[in-house]
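# Build me a model:
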Amino acid sequence: MSYEQEKQIAIAATLAAGKLCEKVRRNIPPAMEKSDKSPVTVADYGSQAIICKAIAEVFPHDPVVGEEDATELQTPEMAENLAKITQYVQEIIPDATSEQVTDWINKGNGKVGNRFWTLDPIDGTKGFLRQDQYAIALALIEDGEVKVGVMGCPAYPVENHEPGALFVAVRGQGATMIILATGEEIPIQVVQANDVENLRFVGSVEASHGDIDRQDAVAKAVGIIAPAIKMDSQAKYGAVASGKAALYLRLPSPKTPNYRENIWDHAAGAIVVEEAGGRVSDMFGKPLDFASNPKMLDNRGILVSNGIIHDTVLSVLNQ
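Okay, here's the model as predicted:
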């Protein structure tokens, strides 16, 4: 199966959501809080609404497992925020109503199954709020395997162009980077062993996102000596896939050793790296399970590499 229609719908939806997010970002509103106290802006909700609507129109039987939920938005206390979200969505879909917007957001409350999409409407919300890196991450999972992945990274640095890239991959068809400023589509591949300048570690800006000291120690132990890149969101997968870094680790923090990752935080990025020639696993070498549960309960930690150094990193991790 070529998944051409799925790929094109995912690209179009992600680009539309990216336009909304950039409009919001130019006029950052106060962050709202979810029950887990992480910041979430009107862009998260608007992005999810646009993407879920686009998928439902073409693939009405495909569930979407998304990060956001509109329950709080439908309370009287959130009426002003819902009005703002609707206003931004209307710049993309002029006849959208507040009721439709909440319905579209809640289409992201689907269940995992034989075929479903998983969506993070803004991965790296703190980066978004800082005017830094973030990603709109959408992936199609079918028969237990990620088949299509699209990551919109409007702030991603692109040589000789304005920032902004879209990373796209279909299983068995390779990975590409679309430069948002020009629309040019470029095949990408992971860094090779002789490219010493780009044999770098890419890690999270947020210190709470993993065991930072151990991650840095592992990078040094496998011979990575170039200065590390610090970046928010799944944009880190884009850096590995496009050959700008060789290693991304997300090891459980000593403060939260039992933490398990969400599928929407890694599915799109994982297929992009794999189709660019890299490898993705958990810290013990197990494949990431995107199909059983929204939480990857059987995986601990994340290891993303150019493939060449993957086994060496696993050996260091498990010593």
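
# what ranges do the helices span in the stretch 1-150 of the chain?
Remark: helices assigned in the stretch 1-150 of the chain by DSSP state H, counting those that start in this stretch are 4-25, 42-58, 79-90, 98-106, 125-129.

# Reformat those as CSV; add mean neighbour count.
C-betas here are computed from N, CA, C, even on glycine. Converted to CSV, the helices of the stretch 1-150 of the chain look like this (neighbours: other Cβ atoms under 10 Å):
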stretch, mean neighbour count
helix 4-25, 20
helix 42-58, 25
helix 79-90, 19
helix 98-106, 20
helix 125-129, 22
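
# now these in JSON lines, with distance to Met283 and mean pLDDT?
Output for the helices of the stretch 1-150 of the chain, formatted as JSON lines (distance: least, Cβ to Cβ, whole Å; pLDDT from 0 to 100):
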{"stretch": "helix 4-25", "distance to Met283": "29", "mean pLDDT": "97"}
{"stretch": "helix 42-58", "distance to Met283": "29", "mean pLDDT": "97"}
{"stretch": "helix 79-90", "distance to Met283": "38", "mean pLDDT": "96"}
{"stretch": "helix 98-106", "distance to Met283": "34", "mean pLDDT": "98"}
{"stretch": "helix 125-129", "distance to Met283": "24", "mean pLDDT": "89"}
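
# Which one, of those helices, ends up nearest to Val170?
Nearest of the helices of the stretch 1-150 of the chain to Val170, taken as Cβ to Cβ: helix 4-25 at 5.5 Å.

# Give me the angle between that closest one and helix 79-90.
Helix 4-25 and helix 79-90 are oriented at 130 degrees to each other (axes from the mean of the first three to the mean of the last three Cα atoms, to 10 degrees).

# Against which helices or strands is helix 4-25 packed?
Applying 3 or more Cβ pairs under 8 Å, 6 or more residues apart in numbering; DSSP states H and E, one finds that helix 4-25 contacts helix 42-58, helix 79-90, strand 135-142, strand 145-153, strand 165-170.

# Take these and write them to JSON lines, including distance to Asn194.
Output for those, formatted as JSON lines (distance: least, Cβ to Cβ, whole Å):
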{"stretch": "helix 42-58", "distance to Asn194": "40"}
{"stretch": "helix 79-90", "distance to Asn194": "47"}
{"stretch": "strand 135-142", "distance to Asn194": "29"}
{"stretch": "strand 145-153", "distance to Asn194": "27"}
{"stretch": "strand 165-170", "distance to Asn194": "24"}
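
# To Phe284, which of the helices of the stretch 1-150 of the chain lies closest?
Comparing those by Cβ to Cβ, helix 125-129 comes nearest, at 28.4 Å.

# The closest one: how far from the chain's middle?
Centroid displacement of helix 125-129 relative to its chain, using Cα atoms, centre = their mean, to the nearest Å, is 13 Å.

# residues making contact with it?
With Cβ atoms under 8 Å, 6 or more residues apart in numbering as the test, helix 125-129 has contacts from 21, 25, 28, 31, 38-41, 43-44, 122, 133-134, 155, 205-206, 231-233.
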